[in-house]
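Undergrad: Next comes the sequence, and after it the predicted model I'd like to discuss.
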Amino acid sequence: MAWHDAYDEPTSALSRRLAVVRRRLAEALDAAPAAAGTPVRLLSLCAGEGRDVIPEVAGRAVTAVLVEQDEELCRRARAAAGPGVEVRCGDAGDTATWTDAVPVDVLVLCGIFGNVEPAAVAGVIAAVPALVVPGGRVLWTRGRRGDVDRRPEVRRWFVDAGLEELAYEGEPEPYGVGLNRLAAPPATPPALPARLFTFL
């Protein structure tokens with residue numbers, strides 16, 4: 001996973017994006033709608049080494065499930081994980097891997113949308129209301145590649161799915177980081193498919 005080395009380079013776009021994701025995740029955890037006295041529930045799909053989640057949940061009342069398919073990244077995540085963090089080494093696109101963990105207060109969808117077909121991205125976003133509790137937050141990323149910038153349509157899809165935009169950071173950076181909230185659950189929550197997405 002040599003491309004992960006860019007996270008250790010302070011001037012890299014990945015490193016700058018990670019800083020934004022951590023900051024927004026901390027905000028989401030602080031504002032999560034968990035009931036008093038109960039831990040905040042978090043699910044991170046395609047979690048990698050957990051660089052974004054693990055430092056932010058440390059010392060907080062959080063139960064987190066991180067799903068990652070690469071065995072080496074899973075090993076690193078488990079080595080770094082503290083109490084309350086479960087790392088599942090499996091296919092995050094297969095909903096059976098994590099359906100027992102939803103609905104959650106905070107959903108993390110970072111590093112996914114640039115690696116699947118646009119139609120699949122729209123499908124993932126449409127399913128989010130079934131994955132979070134009312135008032136739940138979803139943190140996501142989507143990068144710009146050359147002249148192709150799909151970040152505006154991703155932002156629109158979230159709003160169309162009933163998830164109000166709380167924050168967004170993009171230009172002039174090549175990445176986009178969004179934080180949305182499920183303002184009100186749909187009358188009929190969307191049904192989860194057996195497969196939510198497949199990486200290209």
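TA: Structure received.
Undergrad: Can you give me the pLDDT of residue 4?
TA: At residue 4, the pLDDT value in this model is 49.
Undergrad: cool, residue 185 as well?
TA: 84.
Undergrad: Now it: which helix or strand?
TA: Residue 185 belongs to no helix or strand when assigned by DSSP states H and E.
Undergrad: and it, what does it touch?
TA: Listed by C-beta atoms under 8 Å, 6 or more residues apart in numbering, the contact set of residue 185 reads 129, 134, 162. To be clear about C-beta, it is placed using only N, CA and C from the backbone, and glycine gets the same treatment.
Undergrad: what's the burial count for the first one?
TA: Spelled out, it's residue 129. Counted with other C-beta atoms under 10 Å, the neighbours of residue 129 add up to 22.
Undergrad: my guess is it contacts residue 189, does it?
TA: Yes - assessed by C-beta atoms under 8 Å, residue 129 is found in contact with residue 189 at 5.9 Å.
Undergrad: In strands, which of the contacts of residue 185 fall?
TA: The members of the contacts of residue 185 that map onto strands under DSSP state E are residue 134.
Undergrad: Tell me the one of the contacts of residue 185 nearest residue 31?
TA: Nearest to residue 31 among the contacts of residue 185 is residue 134, at 13.3 Å by C-beta to C-beta.
Undergrad: gap between that closest one and residue 26?
TA: Counting by C-beta to C-beta, to the nearest Å, the gap from residue 134 to residue 26 is 22 Å.
Undergrad: Verify the stated contact: residue 105 with residue 31.
TA: No - using C-beta under 8 Å, residue 105 is not in contact with residue 31, being 9.3 Å away.
Undergrad: residue at max distance from the center of the chain?
TA: residue 147 (24.9 Å; C-alpha atoms, centre = their mean).
Undergrad: Give me the distance between the lengthiest helix in the chain and the centre of its chain.
TA: With secondary structure taken from DSSP state H, the chain has its longest helix at helix 13-31. Relative to its parent chain, helix 13-31 has a centroid offset of 11 Å by C-alpha atoms, centre = their mean, to the nearest Å.
Undergrad: Setting the sequence-adjacent residues aside, check what's closest to residue 158.
TA: Among residues not flanking residue 158 along the chain, residue 180 sits closest, at 4.8 Å (C-beta to C-beta, 6 or more residues apart in numbering).
Undergrad: end to end, how far does stretch 98-109 reach?
TA: Taking C-alpha to C-alpha, to the nearest Å, stretch 98-109 runs 14 Å from one end to the other.
Undergrad: so where's the chain uncertain?
TA: The model of the chain has pLDDT under 70 over residues 1-11.
Undergrad: Can you report phi and psi for residue 36?
TA: Dihedral pair for residue 36: phi -60, psi 130, per degrees, to the nearest 10.
Undergrad: What about it, how many residues nearby?
TA: 4.
Undergrad: Tell me who's in contact with the residue nearest the centre of the chain.
TA: For the chain, the residue nearest the mean C-alpha position is residue 108 (1.7 Å; C-alpha atoms, centre = their mean). For residue 108, the contacting residues are 25, 42-45, 47, 52-53, 138-140, by C-beta under 8 Å, 6+ apart.
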